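Colleague: what's the 3D shape of this:
(chains A, B and C)
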Amino acid sequence: MEYLYDAWYVAAMSSEFPDDGIFAREFLGVGVAMFRQADGTIAAVRDQCPHRFAPLSRGKCIGDTIECKYHGLRFNGLGECVLNPHGDVIPPNAHIRHFPVEERFGLVWIWMGDPDRADRRKIPDLEFLQQSDYRRTIFNYIFAEYRSDILVDNLVDLSHADYLHVGTFSGGPGEDTQLKVWEEGDAVVAERVQIRAPTPPIAGFLGPYTDSTFLLKWQPGNVLSYSIRMVSSDPALHGEELQQFAHIVTPANHERTHYFMAVTRPLNGRDPPIEARAANQRRVVSEEDGPMLMAVHQQMDGRELMSLNPLVLPTDAASLRIRRVIKRLKKRDSADLVPLS
Amino acid sequence: MEYLYDAWYVAAMSSEFPDDGIFAREFLGVGVAMFRQADGTIAAVRDQCPHRFAPLSRGKCIGDTIECKYHGLRFNGLGECVLNPHGDVIPPNAHIRHFPVEERFGLVWIWMGDPDRADRRKIPDLEFLQQSDYRRTIFNYIFAEYRSDILVDNLVDLSHADYLHVGTFSGGPGEDTQLKVWEEGDAVVAERVQIRAPTPPIAGFLGPYTDSTFLLKWQPGNVLSYSIRMVSSDPALHGEELQQFAHIVTPANHERTHYFMAVTRPLNGRDPPIEARAANQRRVVSEEDGPMLMAVHQQMDGRELMSLNPLVLPTDAASLRIRRVIKRLKKRDSADLVPLS
Amino acid sequence: MEYLYDAWYVAAMSSEFPDDGIFAREFLGVGVAMFRQADGTIAAVRDQCPHRFAPLSRGKCIGDTIECKYHGLRFNGLGECVLNPHGDVIPPNAHIRHFPVEERFGLVWIWMGDPDRADRRKIPDLEFLQQSDYRRTIFNYIFAEYRSDILVDNLVDLSHADYLHVGTFSGGPGEDTQLKVWEEGDAVVAERVQIRAPTPPIAGFLGPYTDSTFLLKWQPGNVLSYSIRMVSSDPALHGEELQQFAHIVTPANHERTHYFMAVTRPLNGRDPPIEARAANQRRVVSEEDGPMLMAVHQQMDGRELMSLNPLVLPTDAASLRIRRVIKRLKKRDSADLVPLS
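Modeller: Prediction:
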């Protein structure tokens, strides 16, 4: 699994980020130390002192700098060494990588590629999650013990729900299912229409069978936004169930994954509360997807999907198209063009 | 340690095999999902869906098929995909390996090589274990955390009993010991005669010293059958102790081993009950052999015995001869001649 | 990290060595079984039987020999097989490595190189630790879960104390610090003079600021002896604090380290008791150095320091000089010249 560096990844939920002190997390195999600066913005630097490789996150913030706990070197939010207590000069190689960070939509976004290429306009638009007087959104986070590409593949092929999540997210397979997949710029969009499937528990008011339209959009940084519309298969039964949510997948390394999820609803007085739905989503993801994806992770044993010569089904269309987009983006990815020092 | 594929291995005790549902176990580094079919026979297929590599054993049996829990593909006992819910056709590469299975002597046997070569007449004859109105046999199973070749070497060199098992299986070394080792077809047979050894606790009625004859036979698949006859070294003391048992060693992978054992006796009214002996055997194997073999496993660190240039003693004769037989059998082993797909 | 074999390493504290039975420990990646002989000296042999690689330390001492628990071979303190119960002769290759051992200064010293080169006069002189009517020394031992070179680097660059141990060993950085490093034969000596540093808690009677002189000496085998003299920065305040101690670092393997430490004081009626100081040293080393060095160990991930292109500071002078001495010594190290069998 190759990393795409030139993308905005979600590093944290704003709600979990501390006002004071250092927040450390690994992204794309690199340890990152983050801290909130006096002006409210977040700085992010490599979590490793260049002297003896101590994790800087074991140190402390002094103003808008981090002091290394081991020998006292200090670094600012651009990774520049600003104090060397053990010499009259600051050696020219006494700097560390820094990573552009932006806080938006209740999430902390990080750019792991060349900072000069970090275009904040490319942060995926998740405006539909924006908290307001008219909208409520609940976030959840799971540190997942499986590879990120296995999770992305799971999230873009919703056919698994009819087997792995039957009785929770799904009522079972439908009589007919149509899938369309296409690209929109660097995004991949899939529309799945399912006809006359057993109604999942959440929408029992629609009668025993429902027709559904699932629309999902993948964007670089593995930002997946979904909207689902369910109506009764019985023309006599009116009403509909609408859902909007997001799954966001940030590689910690080749073995582990930061998995963020969000459910949202307008505060229009008609939709049911989403607290229970968010908790249920987290539970199903942990208890139903989790063991399966960990098992797949073990079976794949670090090898690339295509190197294993998998059986390819029509439902893999989005998964394969995303691989093609990533391959195209990798051709101009900063990590493959410039040394990231 | 190279695997010999063209052999019948013991996969399970019949007593532990479920009537319903899937029984999963690893053999020769391959995960296998087994289930009992409507006609009472057992089917065995590779425990990995060819689509996204989910373990099939997480799914369920539907008739004589397994349904994958991840995306619902179904496979029969020959590993053929018989249902693809996500397309109009079943892709030609939608099949998995299957493994011939036979139930005999209270054990479930599996053939991990080319199914076309599975000759059921080659299942080792363990008729002496067959339960009947005249015979009682007790089986035990241990999942052993050491390599299978280390266990086979242990089981064919009984001299270790006089040091590792003194006070349990053995009373200590004898005044003289003679060992003969020979081949019978693909089997290796060893006869060990021990003169005037301290009597082990189990045979105290034979007086302080005993003469023993141990006859052991190794067959491909690491099936080891034993018969032991002990008499008093004192010509004035009559009586004898006879024991018949089996140890069977199936590699799970290069690090772990399925260890089956059986003790048996005729129900002729004279032999003592064997329940206690079977429990004692399991305890000694776990508490005395187990820690030693795990330590040897660690010391050998994945390397072949002969590559470590070991000190070779006359007591290693059976161990070395078995290696020669396996080397000979490997020349016509299906895994080395045909792709096992 | 390459091992230097031709050096005397500390294997154990005399106080932890048993009078009877086998004491097993790993040095330089080699398991060693040690036992005290009838004449009071300690023998040390490789902890692995040459027959089937059983750890000899699972066996027992019989006179001045070890009997292997697996098949009963016996070895003397020179690693010679003196009994083979399974044949009429002792095969010529039935021997194992032995290691010269010497007990001195309350410590058990071992030579892991060619025994013919073991010159007992080269055991570092730690006479200043020698227990007597006039001196009391307390030893401690930690099995450290980090590489030995990381610990040596830590111990020879005392500047870390002003950050990692502020509030325990140190009161913080001083106004000025001078460091001199030089070689004395195969030893490396560092003198560190610190002017007007906040007084550490242990020496509060010297007023708020102190001037200190630290003298440390590294010798092959990673034997580090220290003497520290602190006086008040205020000329009006008399008195001084003197400390003498040792840290000794024996590689268990490339991942783990035996860490011995000693504090000592003359019994002249004026110095404070050292029991509390020894306990405090062990606690600080465990709780402050331990987590940091484990973190550095993980960050370095098995790679050599210099291959990571570290930022080099003037405070690294001793660390770098020790590397040069080891490189020089390696040119005539027995492990690189003769096979150690």
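Colleague: Show me which parts of stretch A:95-107 are buried, residue by residue.
Modeller: Buried residues in stretch A:95-107, counting neighbours by 16 or more other C-beta atoms under 10 Å in any protein chain shown, are found at A:95-107. C-beta coordinates here come from the backbone N, C-alpha and C atoms, glycine included.
Colleague: what does stretch A:171-191 give?
Modeller: Buried-residue list, stretch A:171-191, by 16+ other C-beta under 10 Å: A:171, A:173-174, A:177, A:179, A:181, A:187-190.
Colleague: hmm, it touching chain B?
Modeller: Yes - judged by C-beta under 8 Å from any C-beta of the partner chain, stretch A:171-191 comes into contact with chain B at A:173, A:177.
Colleague: so how far does that stretch reach from one end to the other?
Modeller: 19 Å (C-alpha to C-alpha, to the nearest Å).
Colleague: which residues of the stretch 151-300 of chain A score low on pLDDT?
Modeller: Applying pLDDT under 70 to the stretch 151-300 of chain A picks out residues A:269-272.
Colleague: list the contacts for the spatially closest residue to A:Ile62 that is not a sequence neighbour?
Modeller: In space, and not counting its chain neighbours, A:Ile62 is closest to A:Arg74: 6.6 Å by C-beta to C-beta, 6 or more residues apart in numbering or on different chains. Residues in contact with A:Arg74 (C-beta atoms under 8 Å, 6 or more residues apart in numbering or on different chains) are A:62, A:65-68, A:81-83.
Colleague: Near chain C, which residues of the stretch 1-150 of chain A? Just list them.
Modeller: Close to chain C, as judged by C-beta under 8 Å from any C-beta, the stretch 1-150 of chain A has residues A:31, A:48-55, A:58, A:67-72, A:84-87, A:91, A:93-94.
Colleague: among these, which are in helices?
Modeller: Nothing among those maps onto helices, per DSSP state H.
Colleague: After the longest helix belonging to chain A, which helix or strand is next?
Modeller: For chain A, the helix with the greatest residue count under DSSP H is helix A:317-330. For helix A:317-330, the following helix or strand on the C-terminal side (DSSP states H and E) is helix A:334-337.
Colleague: Excluding its own residues, what touches that following helix? List them.
Modeller: A:3, A:5-6, A:113-114, A:117, A:330, A:340.
Colleague: what does stretch A:171-188 give?
Modeller: Under C-beta under 8 Å, 6+ apart, the answer for stretch A:171-188 is A:156, A:159, A:162-163, A:166, A:189-201, A:210-212, A:217-220, A:314-315, A:317-318, A:321-322, A:325, A:329, B:72, B:85-86.
Colleague: Stretch A:311-328 now?
Modeller: A:2, A:4, A:152-153, A:156-157, A:159, A:179, A:181, A:183, A:186, A:188, A:190, A:216, A:218, A:220, A:305-306, B:49-51, B:71, B:84, B:86-87, B:91, B:93-94.
Colleague: Filter the residues you listed down to the buried ones and hand me the PyMOL line.
Modeller: Here is the PyMOL command that selects only those of the contacts of stretch A:311-328 that count as buried (16+ other C-beta under 10 Å):
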select buried, (chain A and resi 4+152+153+156+157+159+179+181+188+190+216+218+220+305) or (chain B and resi 49+50+51+71+84+86+94)
